[in-house]
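Peer 1: structural data only, the sequence is not supplied:
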C-alpha cells in the first residue's frame, strides 16, 4: 500500500467516524451538525473510492470514478452550506444555485460520458480520465471553496471571543485541507509537485479533526498559542529528524568509505541521541517562546494569583467586593463585570457592585431569585468551575430546552461572556459575571483554571467578611441593648424630670395666649396690632405642639424600654383597634384620611396585653398617616383567622401612601432607622415590632414605591388553661 492509497484510506475512515461523532455529540435537530456530517460523509465517500484506484486498475465503466465524483461534487456544496450555517447566515439564493449546479454535474457524471471516461494508469496509482464539462466542475469547486473561505475571513474580522476563535480554526484548517486536496486535481492535469505529492492528502483528516474541535469544544486553546506551539514543535523535530536523514543521504559515501557496511550506525546513533534530547530542547524553546510572546498574559495571571491571597486580608464586605471587581477587570482588561451576592433574608442574589457600562435594558434588574434556572444550573454543576456563555447555552439546549430563550435573554442582559461561581461547600455564596476582553481575545484554558482558584479564594474571603460584618452587627446590638437597658433604668426619672418642665411650658404658653386675647378684646386695635396678636398666638401654639411631641417621644422611649408589668390575658382585637384609632384621630382628621375597618365580630380573642398591643397598632396607624400625607389617603384594616395557621389571627393594615423601597424594607424595624429625615425618630415601628414578637407573633411588610404599604401582623389566639 503506497502513500496515495494509505492517506486516502485514512481520510475515509476518520471523516466517516467524525461525521457520526458530530451527529451524536450534537443534536439531531440542529441543521449545522447535520450539514457538517453530510460534508464529512461526502469526503469519506470520495476518499474511499480513491483507494480503489490502485496501479493498473481497469474499469471500462468507470463505476468507481462515478461514485468518487458523487462525493467530490457534493463536497463544495456541503462546504458552502456548512459555512453559512456556522456563521448563522441563511442565503437561500446562494444555496439554491450551489445545489442546482451540483445536481447538474451529478447528472453529467452518472448519465453521460461528458464528465469522465475510463481511467488513466500511472506506476503508483490510476485515476479517472476527465473529459467534456469537467473543467466547468473544476471552476465550480474552486469558486465554492473561495466563497466559503472568504465568508470565514470576513467573519473573523468582525466577531470576537470564542466565536472568532472558532472561525479562525475553521478558516486556517480549511485552507490547509483544501491545499492537500488540491493534489487530486493536479493529478488530473498531470502535474505532481513535491511536497504536495504524495503526502498532501494527509492534511485532509487533520483538517476535519480541527473543524470538529472548533465546533463541539467550547474551552478552546487560543489559536495563537496553538500555532506557536505547533511551529516550535515542527521546527524542533524537523531539526531532530532532518539531521540524521541528511547525514544518511548526503554523507553516506564519505561514511561508508571509512566504516564500510556499518555506515548506517552513524545516522541511527545521531537519531537516537537527538530523539532523546528532542523533548528537552522542545520544552526549553517552547517556554522561552511563550514567555516572549505571552509576557503580558503571564503577568496578569501572576497578579491575579497575588490578588487571591490579598483578598483574605480585607474585612469590610463592600470594600472586598469592590477590590475584587476592580482588580480582576483591570488586570485582564474586561469591558464590564458584576458581582451578585446571596441575601439569605430574601433568598435572592443581589447585585452588590458593578464595573463598566451598564446595559439599559436588564432582564434581571438588581436581583436574581435563587430558583432561577440559570442559578439552579450553576448549583448542579458546582464542580466544573467557570462556565463560558457558550457552555451555559449548550447545557440548556441539551438538558432544559424549555428555558433556553429565558437564559439567553438573561445572559445577554448581563453582557456575560463567563460566569464565575463562588461556592462554600454546597452553597453558592456569590457569582461573578465577566464580560468579554477589550482586546477581543478569548478566555484561554489557563484563564479558566486560574479563575477556578480565584473563585475559591473569593468565596472564603466573602465568608470571612460576612462573618466579620455579622460580628460587628452583633456587637452593635449588644451595645444598643446596653443603652436601652440604661434608658430603661433612667426612663422613670427621666420622664418625670422632663415632663414637668414641658408641662409648665405648655400651660404657660396656653395661658399667655388666652390672657393676651382677653385683655385686648375691648381695645380699639389697629389692623397691624391685630396681626401681631394673631402671629404671637400662632407661635405660642407651635410651642405647645412642640412640647407635646417632646413629651410623646419621652413616653415612647420609656414604653420601649419598660418590661411588661402584667401577664398575658384574653384581648378583644376589635377593642384594641378602636382604641388605637381613637388615639390617632388627630392625625387621621388632620390628613383628611378615610378609614375602612373590616373585623368580624365572631373573631376569637387574642393572647396579649391590651395596652401594649394598642401602642403597637397606634404606631403603625400613625406611620401610615404620615406615609399618606399630601394625598387622598385610605387606611384599610382587616382581620381574620390565619390561612396557614388557624391558631393565629391575621391583621392587615394597608395604606395607599408613598410606599417603601426594597432596600429600606430590610431595615424598616431597626431602632432609630427612619426615612422621614429630622422629623422622624425611628422608634415607632421598632417598638411595634418588639411588642408583636414579645406576644409570640410575627409581622412582615409588603410595599411598592408610589402605590402603598401593607403590614401583615399575626397574633396567637387565646387558649384557656385546663
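Peer 2: Looks like it came in fine. The structure displayed is predicted, hence computed values, not measured ones.
Peer 1: domain boundaries for the chain, per the record?
Peer 2: 3-217, 219-293, 298-470, 480-561, 569-716 (automatic domain parsing).
Peer 1: format those as CSV; extra columns: mean neighbour count and mean pLDDT.
Peer 2: (Glycine included, C-beta is placed from N, CA and C.) Formatted as CSV, these follow (neighbours: other C-beta atoms under 10 Å; pLDDT from 0 to 100):
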stretch, mean neighbour count, mean pLDDT
domain 3-217, 18, 76
domain 219-293, 14, 70
domain 298-470, 17, 78
domain 480-561, 13, 69
domain 569-716, 17, 82
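Peer 1: now the closest residue to residue 704 other than its chain neighbours, what's its secondary structure?
Peer 2: Distances taken as C-beta to C-beta, 6 or more residues apart in numbering put residue 659 closest to residue 704, at 5.2 Å, once the chain neighbours are dropped. Per DSSP: H, G, I helix; E, B strand; the rest coil, the secondary structure class of residue 659 is coil.
Peer 1: need the phi and psi values for residue 659.
Peer 2: Phi and psi for residue 659, reported as degrees, to the nearest 10, are phi 80, psi 170.
Peer 1: tell me which residues touch it, please.
Peer 2: The neighbours of residue 659, taking C-beta atoms under 8 Å, 6 or more residues apart in numbering as the test, are 627, 703, 704, 705, 706, 707, 708, 709.
Peer 1: for residue 661, give me the backbone phi and psi.
Peer 2: Torsion angles at residue 661 (phi, psi; degrees, to the nearest 10) stand at phi -70, psi 160.
Peer 1: hey, where'd the strands end up in the stretch 301-450 of the chain?
Peer 2: For the stretch 301-450 of the chain, the strands defined by DSSP state E, counting those that start in this stretch occupy 337-343, 348-355, 367-369, 387-388, 418-424, 427-434.
Peer 1: and the last one with strand 337-343, angle?
Peer 2: Just to be clear, that refers to strand 427-434. Put simply, strand 427-434 runs at 160 degrees to strand 337-343, going by axes from the mean of the first three to the mean of the last three C-alpha atoms, to 10 degrees.
Peer 1: and strand 427-434, how far from the chain's centre?
Peer 2: The chain centroid and the centroid of strand 427-434 are separated by 8 Å under C-alpha atoms, centre = their mean, to the nearest Å.
Peer 1: same check, this time on the fifth one
Peer 2: Averaged C-alpha coordinates place strand 418-424 at 9 Å from its chain's average position (C-alpha atoms, centre = their mean).
Peer 1: quick check: which helices or strands does that strand pack against?
Peer 2: Applying 3 or more C-beta pairs under 8 Å, 6 or more residues apart in numbering; DSSP states H and E, one finds that strand 418-424 contacts strand 387-388, helix 389-399, strand 427-434, helix 445-519.
Peer 1: how about the closest residue in space to residue 131 that isn't next to it in sequence, secondary structure?
Peer 2: With sequence-adjacent residues excluded and distances taken as C-beta to C-beta, 6+ apart, residue 131 is closest to residue 117, at 4.7 Å. Assigned with three-state DSSP, residue 117 falls in the strand class.
Peer 1: how close does residue 117 sit to residue 132?
Peer 2: Taking C-beta to C-beta, to the nearest Å as the measure, residue 117 falls 8 Å from residue 132.
Peer 1: the contacts of residue 659: which two are farthest apart?
Peer 2: Maximum pairwise distance in those, criterion C-beta to C-beta, is 12.1 Å, between 627 and 704.
Peer 1: need the contact list for residue 618.
Peer 2: Remark: with contacts taken as C-beta under 8 Å, 6+ apart, residue 618 is in contact with 580, 583, 584.
Peer 1: OK, contacts around the last one?
Peer 2: When contacts are counted by C-beta under 8 Å, 6+ apart, residue 584 touches 618, 621, 622, 625.
Peer 1: which of the helices or strands spans the nearest residue to it once chain neighbours are set aside?
Peer 2: Computed as C-beta to C-beta, 6+ apart, the closest residue to residue 584 that is not its neighbour in sequence is residue 621, at 4.6 Å. Element membership for residue 621, per DSSP states H and E: helix 610-627.
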